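In: pasting the sequence and the predicted model now:
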Amino acid sequence: GAVVSQHPSRVICKSGTSVKIECRSLDFQATTMFWYRQFPKQSLMLMATSNEGSKATYEQGVEKDKFLINHASLTLSTLTVTSAHPEDSSFYICSAPMGTNTEAFFGQGTRLTVV
Amino acid sequence: AQTVTQSQPEMSVQEAETVTLSCTYDTSENNYYLFWYKQPPSRQMILVIRQEAYKQQNATENRFSVNFQKAAKSFSLKISDSQLGDTAMYFCAFMKLPYNNNDMRFGAGTRLTVKP
């Protein structure tokens, strides 16, 4: 079946540094990928839609300058958390649809801890 | 905007028993999918079952079945013969079609515990 790989699975970084999270579709092309954030014991909240070859679309309240998204190819989207602060600590999950009428395939998620 | 509501934050069931998780949604769309996802402690999202809105027949996947009431905008999940491995967070999700242009919206989740 279709697989979406997310890397790294865990990362700890210092306040003020930047962290890059990768989301790859391994056996299909994804012109669109979605980035979610999940706080402990809460649901997935959409942060942004990553579009190959164009700018990402951010949800209201999400700082586009803090959460940089680049969809450089049909199989790779990256989320960079810039100048990270402890409040950015969270679980980040990406997803990608294989076609126009199918369910999402999710990455394994990344647990970010900013110290 | 679409909203998904799961009114049961936590549920528990004895092993081998049946449990039903509730989900309601609000939309003006006519063409959409509904999903139940399972998120175990590993936090990997696992698709449990999918329902196309245009299909009247309720979807089933082995021990998992749904009761889809389109007019009432209700989409409950029934787990039969509950197993310890069913313990997880369960999220109801709505997806407007075509998916490439629309994201998936999730309910708040229901934490299910299967007791031995």
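Out: Thanks, I have it. Residues are numbered from 1 along each chain as shown, chains lettered A, B, ... in the order given.
In: can you tell me what sits against the helix or strand of chain A with the lowest mean pLDDT?
Out: Counting by mean pLDDT, DSSP states H and E, the weakest-scoring helix or strand in chain A turns out to be strand A:104-106, with a mean of 87. Counting by CB atoms under 8 Å, 6 or more residues apart in numbering or on different chains, strand A:104-106 makes contact with A:1-4, A:25, A:34, A:93-98, B:44-45, B:95, B:99, B:104, all of which sit outside it. Using the backbone N, CA and C atoms, a C-beta is placed for each residue, glycine as well.
In: what's the first helix or strand after it?
Out: Past strand A:104-106, further along toward the C-terminus, the next helix or strand under DSSP states H and E is strand A:110-114.
In: who does that following strand touch, helix- and strand-wise?
Out: The contact analysis (3 or more CB pairs under 8 Å, 6 or more residues apart in numbering or on different chains; DSSP states H and E) places strand A:110-114 against strand A:10-13, strand A:19-25, strand A:90-97.
In: okay, the ones you listed, which one's buried deepest?
Out: Most buried of the helices and strands packed on strand A:110-114, by mean neighbour count (mean count of other CB atoms under 10 Å in any protein chain shown): strand A:90-97, with a mean of 24.
In: how many neighbours does residue A:64 have?
Out: Neighbours of residue A:64 under the rule other CB atoms under 10 Å in any protein chain shown: 13.
In: likewise residue B:8?
Out: Neighbour tally, residue B:8, other CB under 10 Å: 17.
In: all good on my end, thank you.
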